[in-house]
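Q: just the structure for this:
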Amino acid sequence: FSNSEREQREILTVDEQLLVHVDSVHNIPREWSQEFSLFSVAVHVMHGTAEICRGFKENPRPIINDHFFPYCRTNTWACFRIPFCVLPRETRIFILLYGTGNSVSGDYRNLQIHPSNVPSEAQTLLEKQLACASFPLFDHEGLLRQGSLLLPLSAISGKVVHPWGPRPLFEMEDDLVVLVTLPQLHYDVIFPCVNYGENSLKRDFNSLDSDTQQNLLDIVESGVTHRFVIIYFCFFVCML
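A: Take a look at the predicted model:
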């Protein structure tokens, strides 16, 4: 069916819970595969710089070499106990790639300690943040994204910059990529248009409570690139 023939439902009527499947990671750099024996991904649901709910992360997995191009089958099913009807229009899905190994160089964190059979000392597995990607859950027309997406991952050097911006284009054929799948529904889910009636009132910023004022100032000062979203949000709050 074409998009014009598919049924459309407003987001307010959809109570299915958010599910994100991170299938696999491809084109892992050789130096990473030599330094790390296992890889894993974490999935987060973001609204600006705020995390909407607790993130999801599974156990690390090895690289598979049974095909011409090696890859890591993460097979991570991130099931979030949050229905679509409560998600903001600007919701983003953030994916973070970790490498796990025994090396002690770099910015690692202790993952777990194994009581190795070697009596001299215990063996410690350490993990490091390697790359990240993000994408909007709803497209520019307000439609919920469905199906599979192939996303380029951006390598992390040092600390992660907040908020995590998108990298929408592939630069080279060997770019690090992650395959993500969202549920394929038999209908389209759309955000309804918000029309401000004649009864809307413009209010002074100082009329907001101190916590709301501080939250808005923090968003602006953090350097969020989605400028129009911020302006819309500030305008909407001031009209309440």
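
Q: which positions within the longest strand along the chain qualify as buried?
A: Longest strand in the chain by number of residues, with DSSP state E as the criterion: strand 123-136. By neighbour count on 16 or more other CB atoms under 10 Å, the buried set for strand 123-136 is 125, 126, 127, 128, 129, 130, 131, 132, 133, 134, 135. Heads up, the C-betas are built off the backbone N, CA and C, glycines and all.

Q: in its sheet, what does it sit against?
A: As defined by DSSP bridges, the strand partners of strand 123-136 come to strand 92-101 (antiparallel), strand 109-114 (antiparallel), strand 154-155 (antiparallel).

Q: domain-wise, how is this protein divided?
A: 8-108+120-190, 205-238 (the TED database).

Q: which pLDDT value belongs to the residue nearest the centre of the chain?
A: Central residue of the chain (CA atoms, centre = their mean): residue 94, 1.1 Å from the mean position. At residue 94, the predicted lDDT confidence score is 92.

Q: correct me, but it touches residue 43?
A: Yes. If you go by CB atoms under 8 Å, residue 94 and residue 43 touch, sitting 7.3 Å apart.

Q: still on that earlier bit, which one of the buried residues of strand 123-136 is nearest to residue 204?
A: Among the buried residues of strand 123-136, residue 134 lies closest to residue 204 (CB to CB), at 34.6 Å.

Q: so the closest one touches residue 90, yeah?
A: No. Assessed by CB under 8 Å, residue 134 is found out of contact with residue 90, at 11.7 Å.

Q: touching both of these two, which residues are there?
A: Common neighbours of residue 134 and residue 90, using CB atoms under 8 Å, 6 or more residues apart in numbering, do not exist here.

Q: between the buried residues of strand 123-136, which is closest to residue 98?
A: Residue 98 lies nearest to residue 127 out of the buried residues of strand 123-136, by CB to CB, at 4.9 Å.
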